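> here is my input, please return the structure:
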Amino acid sequence: MTDSEIVWKERSAERSARWHSEGGVPAPKRVVVADDTLNADRAYRLACEGTAMLWRGDFQNARLLLQALGRRIDSHKKPPKTAPKSQSEAFHLYRMGQAQRARTLGMLLIPFDADHTVPLRRAPDVKEACMEAYGAVDTPYVTSLRELIGLIGAHEWRRRGLEVEALGADKSGAAMRVHAHYGVFAPVRGEYLELVARAPLPKMDVAFDIGTGTGILAALLARRGVKRVVATDNDPRALACARDNIKRMGLTEKVEVVEADLFPPEAMGQANLIVCNPPWLPGKPGSPIERAIYDQDSRMLKGFLAGLAARLTPRGEGWLVLSDFAEHLGLRTREELMILIAAAGLKEVGRLETRPQHPKSNDQDDPLHGARKKEVTSLWRLGAV
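Numbering: from 1, shown residues only. Now for the predicted structure:
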């Protein structure tokens, strides 16, 4: 998160406000005031030059302008002069393109009053969405319209919740739902949940869920009959989200959510089952939500494997839920994964596999389709040597 100051000139006077960016984007150095008279072509040129536009016109027109900027970015996209030499190169070009797109779209800015009100014509009431993401503020601020739209979308996801078939139904017969908070990755890929739902449970009283996020895997284990689950995370938003979901599902007597970096405090002992679904791709996340996708230097994966054997009871199992997408992108090899497992004093005692079901896996226009069509998600059942 970035909190700094943004400065601009308006009516011949220099003005400033607090700059806010959840993705850590620095405050733009060049800012002009813009309104409904600004056309999309001019806005696109300004954005490409690195000049941000602080909007003073109609809010709905700003949304239309943002959509027009997106279309211009796509239409000006040039194919590489030479085809990528590898899937790894294709992936890095893809990320660079996504980052550039985000920078350009992020040049359209929206002002806020100190109570999260947007002081523009036809602006929606976004106070609740901003409170969920930012908390209370005491000064006016500016952020990008792109970030605000993300906040609004996250608020709607949190309000409606996501049906999770693997959790079964509640007492009324309605499908159980998980409500993801802002900055916490929603469990939209159900295939890995199905693996955890059907993997054979070892005899147990206690399970740990490492990096719980929304709390979905902890809830799933509790719903499968595990008597006590300790769910950990070190992200305050994830902790609040997991506790909220566990309470909604009526599982507070079975699931305890604990703040910890990977494993619970040693005083909480060992577990018969320890589950971890780390981010699947080694790389630097570009936003808070990407921390669920990118694991810089494979820190979480390595930390989980290195500490697993010491926290398992005799004949206990560690379940590593991991896609091999990184292998098909050339970001990690299967041999490297096996070396990490062996070096941690672990052995494979079983494995369940499934194919992805998300729409991108069948999208032939996706630049990463070659890797996606080969992807397999596995639940590695690991035990101490």
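> now do the helices in the stretch 101-250 of the chain.
Here the stretch 101-250 of the chain has its helices, by DSSP state H, counting those that start in this stretch, at 127-134, 145-160, 190-198, 216-223, 236-248.
> mean pLDDT lowest for which of these?
Here these differ in mean pLDDT, and the lowest is helix 190-198 at a mean of 91.
> not counting its own residues, what contacts that one?
Helix 190-198 is contacted from outside by 164-166, 187, 216-217, 220-221, 224, 275, 277, 319, 321, 323, 352-357, 377-379, using CB atoms under 8 Å, 6 or more residues apart in numbering. Every C-beta, even on glycine, is put in place using the N, C-alpha and C of the backbone.
> likewise for stretch 280-293?
For stretch 280-293, the surrounding residues in contact (CB under 8 Å, 6+ apart) are 1, 22-24, 95, 99, 102, 183-185, 213, 235, 237, 279, 294-298, 322-323, 325-326, 329, 331-332.
> if I look at the most centrally placed residue in the chain, how far off is residue 205?
The centre of the chain sits closest to residue 289, judged by CA atoms, centre = their mean, with a distance of 2.8 Å. Using CB to CB, to the nearest Å, we find residue 289 at a distance of 35 Å from residue 205.
> cool, and residue 95?
Look at residue 95 and residue 205: by CB to CB, they are 44 Å apart.
> same question, residue 251
Plainly put, residue 251 is 16 Å away from residue 205 if you go by CB to CB.
> CA atoms only for stretch 96-114 - export them in CSV, please.
Extracted as CSV, the C-alpha positions of stretch 96-114 are listed here (Å, rounded to 0.1, in the frame of the first residue of the first chain):
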residue,chain,number,x,y,z
MET,A,96,4.9,-7.0,-18.8
GLY,A,97,1.9,-6.3,-21.0
GLN,A,98,-0.5,-6.6,-18.1
ALA,A,99,1.6,-4.3,-16.0
GLN,A,100,1.8,-1.7,-18.8
ARG,A,101,-2.0,-1.9,-19.3
ALA,A,102,-2.6,-1.4,-15.6
ARG,A,103,-0.3,1.6,-15.5
THR,A,104,-2.1,3.2,-18.5
LEU,A,105,-5.6,2.6,-17.1
GLY,A,106,-4.4,3.8,-13.7
MET,A,107,-3.9,7.3,-15.0
LEU,A,108,-7.6,8.2,-14.6
LEU,A,109,-8.0,9.5,-11.1
ILE,A,110,-11.0,10.1,-8.8
PRO,A,111,-11.1,12.5,-5.8
PHE,A,112,-12.6,11.5,-2.4
ASP,A,113,-13.8,13.5,0.5
ALA,A,114,-12.7,12.5,4.0
